[in-house]
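Asker: Take this sequence and fold it.
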Amino acid sequence: MRNNWTKRILCALICLIWCQGSTALAQAYTVGTYEATVKGMHGDITMQMVFSDEAIESAEMIACRDTLCIAEPAAQKMTEDAVKFQTVKVDSCSGATVSSRAIRAAMEDCVEQAGGDI
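Answerer: The predicted structure follows:
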């Protein structure tokens with residue numbers, strides 16, 4: 001009987017520690033709108049991100065001097081994923097490797113400007 005209670009207490013402690021750890025993973029940002037410009041394959045890509053104190057509220061490509069027909073679909077997918085998954089560590093788009101890297105770098109810059117961790 002004593003062994004059974006020990007297991008229950010240990011399980012409860014593990015759950016408590018795990019729950020505390022998961023809340024510690026929430027990002028803290030400085031509220032605002034941030035922009036960053038990074039060189040793409042053939043020109044600059046400018047990204048804009050809006051942050052609340054705990055979340056990425058929106059992300060969009062606001063200027064593109066790169067190959068638009070390649071960068072635009074990549075930016076659309078990557079910004080949707082950044083907001084959905086609350087991280088800028090999102091998948092690159094096939095066929096737009098250089099543009100995807102530039103988009104990710106610009107979003108990382110915005111996160112850093114907002115005081116978040118990459």
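Asker: give me the element the residue nearest the centre of the chain is part of.
Answerer: Against the mean C-alpha coordinate of the chain, by C-alpha atoms, centre = their mean, the closest residue is Thr87 at 1.8 Å. In this assignment (DSSP states H and E), Thr87 forms part of neither any helix nor any strand.
Asker: can you map out the strands along this protein?
Answerer: 32-39, 44-51, 56-64 (DSSP state E).
Asker: got these as a markdown table, with mean pLDDT and mean neighbour count columns?
Answerer: All C-beta atoms are positioned from the backbone trio N, CA, C, and that covers glycine. Listed next are the strands of the chain as a markdown table, based on pLDDT from 0 to 100; neighbours: other C-beta atoms under 10 Å:
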| stretch | mean pLDDT | mean neighbour count |
| --- | --- | --- |
| strand 32-39 | 98 | 16 |
| strand 44-51 | 98 | 22 |
| strand 56-64 | 98 | 17 |
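Asker: Make JSON lines out of those strands and add distance to Ala26.
Answerer: Putting the strands of the chain into JSON lines (distance: least, C-beta to C-beta, whole Å) gives the following:
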{"stretch": "strand 32-39", "distance to Ala26": "18"}
{"stretch": "strand 44-51", "distance to Ala26": "13"}
{"stretch": "strand 56-64", "distance to Ala26": "12"}
